[in-house]
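Trainee: okay, predicted coordinates and the sequence, questions at the end:
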Amino acid sequence: MNYKNQIDAILGPQGIVAKSMPNYEHRKQQIEMALAVSQALESDDHLIIEAPTGTGKTLAYLVAAALSRKRVAISTGTKNLQEQLFYKDIPFLREKIFPGLKAALLKGRGNFVCHSRLRRFLRQPHLQGLDRSGSLDEILEWYRKEEKASQGDRAELARLPDDDPVWPDICSNSETCLGKKCPDRERCFVLKMRARAADADLMVVNHHLLASDLAVRESGFGEVIPRYEALIIDEAHGFEDAVTQHFGFHVSQARIIRMVRDARIELAEAKVDADRFEKALSATEYDCRRLFFSFQNIAGTKSQLGAISRELAEIRDVLCANLKITASMIANLSNPPEELRSISRRAAEISLGLETILTDQVGSDYACWAERRERNVVLHASPVEIGETLKASLYEKVPGIVFTSATLSSGGSLDYFKSRLGLDGDTQGAESILDSPFDYERQTMLFIPQSIPEPNAAGFREALSKVIGEILIRTRGRAFVLFTSYKNMETVYSLLKGRAPFPLLVQGQRPKGRLLEEFREKTGSVLFATASFWEGVDVQGEALSCVIIDRLPFAPPDDPLVAARMESIKKNGGEPFYSFQVPMAVLALKQGLGRLIRTRSDRGILCILDIRILTKSYGKIFRNSLHESPLCRRTEDIEAFFSEDHNRE
């Protein structure tokens, strides 16, 4: 089918969107993208397409998906982006262009209250006679009042904090789900969500839900997302991380203790002679604490695990043996209820996880490490490569797949992205890097200081603080200062706090959304932040006129997963620094700098305070990956740049 005329009629300069949307800016790149996506979906091909900020990629692929008349799943990087698609972009299309378009929003289980788990939670002895104030009362009021009208989604509880202590005990999760045997199946919020998606044209999911679906299908235990004919993966630069997480193993002391607690509750509920199980359950608790005590002194946040000691292996073997005994004893019961079958599966899965993570001999398939989270330790085994997994679980089963993002290329090539996701040979497909619709030569300036120590040199943080202070004076605030480490952020913030003549906001003071609101509201604000603000943040206009990056964002080479992937590349004859570390850092840098220019009227300064971008041979790769912004080296040039704005006024 020739989609060009239809796409022009919708997205062209005189098209439906231009007539329906105030201040709409026609972009030829948007039409190019819509046409490329339409062709990929029609021919059941793979397409990799980098669409720079301002392209209008969301509308481009939504129009193409609607025109395809196929059942399309659209995966985004975060729940916030999902909600923007579902509550803003798709309703616009439905109202103005495709009146019969049906869409469904799908989230992970953890977003929904579970009827069964809530009842069990309320029956726990520790709640009897206690003052149930705070979030539990708010949740119960919402649940009882809104049960029939509600979708059971925690997003309906606007004031519920992300770290609410009650929610993890009452939300749906795969470990405790009873599936078809659940007495609440007919009113299950998760199943109702999937039912709404059953006849949708577009299903809006996120990367973690998509990866979870692939893992569940691979295990043979059903599906998380209803069947779809084509897939669009937006913010595709983050897809590898989601797949890595869901195809790995993660075991904590809390997970094991929770399994033991649930086993005792379910045995009592089923009126099974619990005494027969108590020896194995008590031993599991005891050896679990012994095992995790061994990791109480791990160095740093993450500690790579090699071949374990004989003592630790003995604890692991005893612990796994008791987990298997518990699983086997439940399986051998006469017609055990589904709740106990679930306990049996959980015990077996934890045992397999421990045996994979705590190995006698180091393998090359998984990176294994211990991670400290406040006072807790989590043990991980993550796949080093996910390309072959994706070929088997996704590419061979879904013919038409579009990968898109504003940041997929490094040095003008998509090779890094393709290598990480196994997009080679028959799975490679078409590829395109669109031009930016913005005039970076006119709208921006790139500032790299004339004199500053290299990031690992003595005195770098002090010099960083001085340069940032000088920049902010000349930009009159209005800046994001993005750091690659909390240490740099805290040092610079503490040195500038109280000395700058504009509001200074720092990540961690308040929730992310509230910080961004303050930044927009308070004239001249400066926001100090780390990784979570490098992408997915949109501030248009003069409120954000400068983005400062403290150093080139190389991933730490001692990170267990990064180290394992570098070693894998070496073993296969590759050069990990230039084929892995540099392009990964380039994509991160492009994400950070992408916060600045969001419309054709925006102007601003991009500041990279890492002299290596000019002095090291790999610096050229970074510079070639950035847009053509004029380079300046003196802070006076920054003042001159903004004086041009003033003169225009």
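Mentor: That came in fine, so what should we check first?
Trainee: restrict the helix or strand hosting residue 480 to CA atoms and write it as CSV.
Mentor: In this structure, residue 480 sits in strand 479-482 according to DSSP states H and E. Output of strand 479-482 as CSV, limited to C-alpha atoms (Å, rounded to 0.1, in the frame of the first residue of the first chain):
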residue,chain,number,x,y,z
ALA,A,479,20.4,25.5,34.2
PHE,A,480,20.5,21.8,34.8
VAL,A,481,23.8,20.7,36.2
LEU,A,482,24.0,16.9,35.5
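Trainee: so how far is residue 270 from residue 337?
Mentor: Going from residue 337 to residue 270 by C-beta to C-beta, to the nearest Å gives 5 Å. C-beta: built from backbone N, CA, C; applies to glycine.
Trainee: what does residue 361 give?
Mentor: Using C-beta to C-beta, residue 361 is found at 41 Å from residue 270.
Trainee: the more surrounded of the two?
Mentor: Between residue 361 and residue 270, counting by other C-beta atoms under 10 Å, residue 270 is the more crowded of the two (14 against 7).
Trainee: now for the more buried one: which residues touch it?
Mentor: 336-337, 339-340 (C-beta atoms under 8 Å, 6 or more residues apart in numbering).
Trainee: one more pass at 6 Å, please.
Mentor: Applying C-beta atoms under 6 Å, 6 or more residues apart in numbering to residue 270 gives the contacts 337, 340.
Trainee: residue 300: how many residues sit nearby?
Mentor: Around residue 300 there are 12 residues (other C-beta under 10 Å).
Trainee: sorry, back to before: contact partners of the strand holding residue 480?
Mentor: So strand 479-482 is contacted by 472, 526-529, 534, 546-549, 592, 595 (C-beta under 6 Å, 6+ apart).
Trainee: any idea how far the most centrally placed residue in the chain lies from residue 236?
Mentor: Centroid check for the chain by C-alpha atoms, centre = their mean gives residue 77 as the closest residue, at 5.3 Å. As judged by C-beta to C-beta, residue 77 and residue 236 stand 9 Å apart.
Trainee: how near is the residue nearest to residue 487 when sequence neighbours are not counted to residue 233?
Mentor: Spatial nearest neighbour of residue 487, chain neighbours left out: residue 461 (7.9 Å); criterion: C-beta to C-beta, 6 or more residues apart in numbering. For residue 461, the distance to residue 233 (C-beta to C-beta) stands at 38 Å.
Trainee: residue ranges for the strands of the stretch 401-550 of the chain, please.
Mentor: Ranges of strands in the stretch 401-550 of the chain, per DSSP state E, counting those that start in this stretch, are 430-433, 444-447, 479-482, 504-506, 526-529, 546-549.
Trainee: just put those strands in a markdown table and tack on mean pLDDT, mean neighbour count and distance to residue 515.
Mentor: Formatted as a markdown table, these follow (pLDDT from 0 to 100; neighbours: other C-beta atoms under 10 Å; distance: least, C-beta to C-beta, whole Å):
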| stretch | mean pLDDT | mean neighbour count | distance to residue 515 |
| --- | --- | --- | --- |
| strand 430-433 | 95 | 16 | 33 |
| strand 444-447 | 94 | 23 | 24 |
| strand 479-482 | 94 | 26 | 11 |
| strand 504-506 | 93 | 19 | 5 |
| strand 526-529 | 94 | 25 | 6 |
| strand 546-549 | 94 | 24 | 16 |
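Trainee: as TSV, the ones you listed with distance to residue 119 would be great.
Mentor: Formatted as TSV, those follow (distance: least, C-beta to C-beta, whole Å):
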stretch	distance to residue 119
strand 430-433	52
strand 444-447	57
strand 479-482	46
strand 504-506	42
strand 526-529	41
strand 546-549	50
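Trainee: tell me which helix or strand the nearest residue to residue 447 once chain neighbours are set aside sits in.
Mentor: Sequence neighbours aside, residue 607 is the residue nearest to residue 447 in space, at 4.5 Å (criterion: C-beta to C-beta, 6+ apart). In the assignment (DSSP H and E), residue 607 maps to strand 604-608.
Trainee: over to residue 161?
Mentor: Per DSSP H and E, there is no helix or strand for residue 161.
Trainee: could you measure it against residue 154, distance?
Mentor: Plainly put, residue 161 is 10 Å away from residue 154 if you go by C-beta to C-beta.
Trainee: and those two? Which one has more around it.
Mentor: For the pair residue 161 and residue 154, the greater number of neighbours falls to residue 154 (19 against 10), based on other C-beta under 10 Å.
Trainee: isn't that one right up against residue 112?
Mentor: No - applying C-beta atoms under 6 Å, one finds residue 154 not in contact with residue 112, separated by 7.4 Å.
Trainee: still on that earlier bit, the residue nearest to residue 447: how many residues sit nearby?
Mentor: When neighbours are counted by other C-beta under 10 Å, residue 607 comes out with 27.
Trainee: renumber starting at 4 from here on
Mentor: From this message on, residue numbering opens at 4, which makes the last subject residue 610.
Trainee: which residues touch it?
Mentor: Shown in contact with residue 610 (C-beta under 6 Å, 6+ apart): 450, 474, 551.
Trainee: and the last one, what are its bridge partners?
Mentor: When bridges are assigned using DSSP bridges, the partners listed for residue 551 are residue 484, residue 610.
Trainee: with the first one instead?
Mentor: According to DSSP bridges, residue 610, residue 635 are recorded as the beta-bridge partners of residue 450.
Trainee: can you give me the helices for the stretch 454-603 of the chain?
Mentor: 463-478, 489-499, 515-524, 563-574, 579, 585-596 (DSSP state H, counting those that start in this stretch).
Trainee: any weak-confidence spans in the protein?
Mentor: 4, 128-137, 149-151, 223-224, 302, 647-652 (pLDDT under 70).
Trainee: output the longest helix belonging to it.
Mentor: Scanning the chain for the longest helix, with DSSP state H as the assignment, gives helix 313-334.
Trainee: ok now the helix or strand following that helix, how far from the chain's centre?
Mentor: Proceeding N to C from helix 313-334, the next assigned helix or strand is helix 341-360, under DSSP H and E. Relative to its chain's centre, helix 341-360 lies at 26 Å (C-alpha atoms, centre = their mean, to the nearest Å).
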